[in-house]
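>>> A structural model of the following input is requested.
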Amino acid sequence: MADLFDTPPDPGSGASAATPEAPPEAPRPLADRIRPRALAEVVGQEQVLGPDGPLGAMLAAGTLSSLVLWGPPGVGKTTIARLLADASDRAFVQISAIFTGVADLRKVFEAARLRHGQGRGTLLFVDEIHRFNRAQQDSFLPHMEDGTIVLVGATTENPSFELNAALLSRAQVIVLERLSLADLERLAQRAEQALGRALPLDGPAREALLEMADGDGRALLNLVEQVDGWRLTRPLDTRGLSTRLMRRAANYDKSGDGHYNLISALHKSVRGSDPDAALYWLARMIEGGEDPRYIARRMLRMAVEDIALADPQAQSICLHAWETYERLGSPEGDLALAQAVIYLALAPKTNAGYVGWKAAREAARRSGSKPPPKHILNAPTALMEDQGYGAGYQYDHDTEDGFSGQNYFPDGMKRPVFYQPVARGFERELQKRVDWFARARARLSGTKPPAGD
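Presented below is the predicted three-dimensional model:
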């Protein structure tokens, strides 16, 4: 008897045709092939997934509340949401705020309601949730409250600024961190196991590849896939790698959270008198594509707020650097900003003027509309002279030492002290002047000099 697989059946004989072979599986990206199948396999994020972390403790207790996963790209937000659905036996539904409209949301909510009526919950994962407007965000609230859905939103933006207070009050914010180099190395090793071979890179080139990923696991796997596809016969060094791969641009959103974080880091480095750190954060902003004019404006603010009269030249240095940039542009003008940053970082610091100004404004609000004392008011008319305007005013230039010591605050107001210079930089000299005037004022008024004089 002939083997059935050796002789194809006769189509007209009535014999059933052999089952056709299944088509070959379409190639899948490496990131999809090694996607974790359990939360324990997720690389990084131990601070939230560990036994003492918020998600670990939540799952151990058999509960799951609505969440907002906040973190940079490529740290596992989608993967964690999918695995949370599996761990809690909920249906996983994924939408993107970029492509989902009101009609689509209605359909999602209706399907979740039917599922809920059948005894099964729904984990609704909303990618880029900060893209939804206020009304769309509010539409989730009743379905979260009645248990129809557990909402897991993902965002790269600060939820405090981008999400409604009502939504945030019903969801716990979980902060995910960019992957460390150790995390990325573990991910690279997992990729090599899936590929069945080691990456053709020497030690320094491998480190350079991890650095290129910039804390983004998805980016690393894409890079690994590219390197593996070259089918090299000998390892590449760092130079060879850099000629084949462009360094990934740093994650920097000029209108988002990174923008504010980096300018804050620059400002605090200047305030902390660390020129090297200040140069680093300036370089990060410039390399990220920040408008140098914005940086110049903020540098002038640093000079006013944190250096002020401790070094009166600081403001001029900033203005000149700004003007130089306007004339030269990048990259030459960037150097002027860098030099100004160095000057600001090394300048003596004081916030005495800033503190004094705030105190003066508060006193002005409290004192209301108290008029100035009449002796310092001008009297351009006879009527005003009759009212006592200008009476008893002493012209300081005609007095000994050019100082009359008169009172310039409203009558009945206790003399406050707003400006208290620090003993740094030029303000050290200003403190001597403040002290001299205080002693002279006390002598002329016949009162006791201020304590410490």
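>>> could you pull out the strands for the stretch 201-350 of the chain?
Per DSSP state E, counting those that start in this stretch, the stretch 201-350 of the chain has no strands. Nothing in it meets that criterion.
>>> In three-state terms, how would R424 be classified?
With DSSP: H, G, I helix; E, B strand; the rest coil as the basis, R424 sits in coil.
>>> give the contact list for it.
For R424, the contact set (Cβ atoms under 8 Å, 6 or more residues apart in numbering) comprises 310, 348-350. Any C-beta I mention is one placed from the backbone N, CA and C, and that applies to glycine too.
>>> go on, G333?
By Cβ under 8 Å, 6+ apart, the neighbours of G333 are 292, 324-327.
>>> List only those of those residues flagged as buried.
By neighbour count, with 16 or more other Cβ atoms under 10 Å, the contacts of G333 hold 292, 324-325 as buried.
>>> Now pLDDT too, for those, in a markdown table please.
A markdown table is the format used below for these (pLDDT from 0 to 100):
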| residue | pLDDT |
| --- | --- |
| P292 | 92 |
| T324 | 96 |
| Y325 | 94 |
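>>> Helices along the stretch 301-450 of the chain, start to end?
Assigned by DSSP state H, counting those that start in this stretch, the stretch 301-450 of the chain shows helices spanning 313-328, 332-346, 352-367, 382-386, 427-445.
>>> hmm, I was thinking of the stretch 101-250 of the chain
Ranges of helices in the stretch 101-250 of the chain, per DSSP H, counting those that start in this stretch, are 102-117, 134-138, 141-145, 159-162, 165-169, 181-195, 203-213, 217-229, 238-244.
>>> So what touches the lowest-mean-pLDDT helix or strand in the chain?
Every helix and strand in the chain was compared by mean pLDDT, DSSP states H and E; the lowest is helix 382-386, with a mean of 84. Residues outside helix 382-386 that contact it (Cβ under 8 Å, 6+ apart): 377-379, 390-391.
>>> Measure how buried G62 is and give me the count.
8 (other Cβ atoms under 10 Å).
>>> Give me the phi and psi angles of it.
phi 80, psi 20 (degrees, to the nearest 10).
>>> got it, and the one 5 residues further on?
In terms of degrees, to the nearest 10, the main-chain angles of L67 are phi -140, psi 160.
>>> Quick check: the gap between it and V152.
5 Å (Cβ to Cβ, to the nearest Å).
>>> how many neighbours does G288 have?
Neighbour tally, G288, other Cβ under 10 Å: 16.
>>> Quick check: beta-bridge partners of T155?
Counting by DSSP bridges, T155 forms beta bridges with W70.
>>> Looks like it contacts E162 (just checking).
Yes - T155 lies in contact with E162 (Cβ atoms under 8 Å); the separation is 6.5 Å.
>>> Compare these two and say which is more crowded by neighbours.
Using other Cβ under 10 Å, the more surrounded residue of T155 and E162 is T155, with 22 against 19.
>>> quick one, what contacts the more buried one?
68-70, 128-130, 162-163.
>>> 10 Å instead?
Contacts for T155 were tallied using Cβ atoms under 10 Å, 6 or more residues apart in numbering; they are 68-71, 77, 97, 126-131, 162-163, 173, 257.
>>> again, but for D398
D398 is in contact with S404, counting by Cβ under 10 Å, 6+ apart.
>>> Would you mind finding the most buried of the helices of the stretch 301-450 of the chain?
Highest mean neighbour count among the helices of the stretch 301-450 of the chain (mean count of other Cβ atoms under 10 Å): helix 332-346, with a mean of 19.
>>> hang on, the earlier thing: with just CA atoms, put the least confident helix or strand of the chain into PDB.
The C-alpha coordinates for helix 382-386 follow below in PDB (Å, rounded to 0.1, in the frame of the first residue of the first chain):
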ATOM      1  CA  ALA A 382      -0.800 127.500  49.300                       C
ATOM      2  CA  LEU A 383      -3.700 125.200  50.400                       C
ATOM      3  CA  MET A 384      -1.300 122.300  50.700                       C
ATOM      4  CA  GLU A 385       1.100 124.500  52.700                       C
ATOM      5  CA  ASP A 386      -1.700 125.400  55.000                       C
END
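>>> What are the structural domain limits within this protein?
The chain breaks down into these domains under automatic domain parsing: 45-175, 181-244, 257-346, 371-445.
>>> Could you list the low-confidence segments of this protein?
The chain contains residues with pLDDT under 70 at 1-26, 247-258, 448-453.
>>> still on that earlier bit, of the domains of the chain, which approaches A31 most closely?
A31 lies closest, by Cβ to Cβ, to one member of the domains of the chain: domain 181-244, at 4.3 Å.
>>> First-to-last residue distance for that closest one?
From the first residue to the last, domain 181-244 extends over 21 Å; the measure is Cα to Cα, to the nearest Å.
>>> and what of stretch 115-132?
Termini of stretch 115-132 sit 24 Å apart (Cα to Cα).
>>> Please state the offset of it from the chain centre?
How far stretch 115-132 lies from its chain's middle: 27 Å, per Cα atoms, centre = their mean, to the nearest Å.
>>> what do you get for stretch 70-89?
Taking mean C-alpha positions (Cα atoms, centre = their mean), stretch 70-89 and its chain are 21 Å apart.
>>> Any buried residues in that stretch, and which?
In stretch 70-89, counting by 16+ other Cβ under 10 Å, buried: 70-72, 74-85, 87-88.
>>> Ok, stretch 286-301 next?
Quick answer for stretch 286-301 (16+ other Cβ under 10 Å): 286, 288, 290, 292, 295-296, 298-300.
>>> can you tell me which two in these are farthest apart?
Among the buried residues of stretch 286-301, G288 and L300 lie farthest apart (Cβ to Cβ), at 20.7 Å.
>>> isn't there a helix covering S65?
No - judged by three-state DSSP, S65 forms no part of a helix; its state is coil.
>>> Tell me how far the residue lying closest to it once chain neighbours are set aside lies from S180.
Nearest residue to S65, sequence neighbours excluded (Cβ to Cβ, 6 or more residues apart in numbering): Q172, at 5.9 Å. Q172 sits 24 Å away from S180, going by Cβ to Cβ.
>>> Brilliant, that's me finished.
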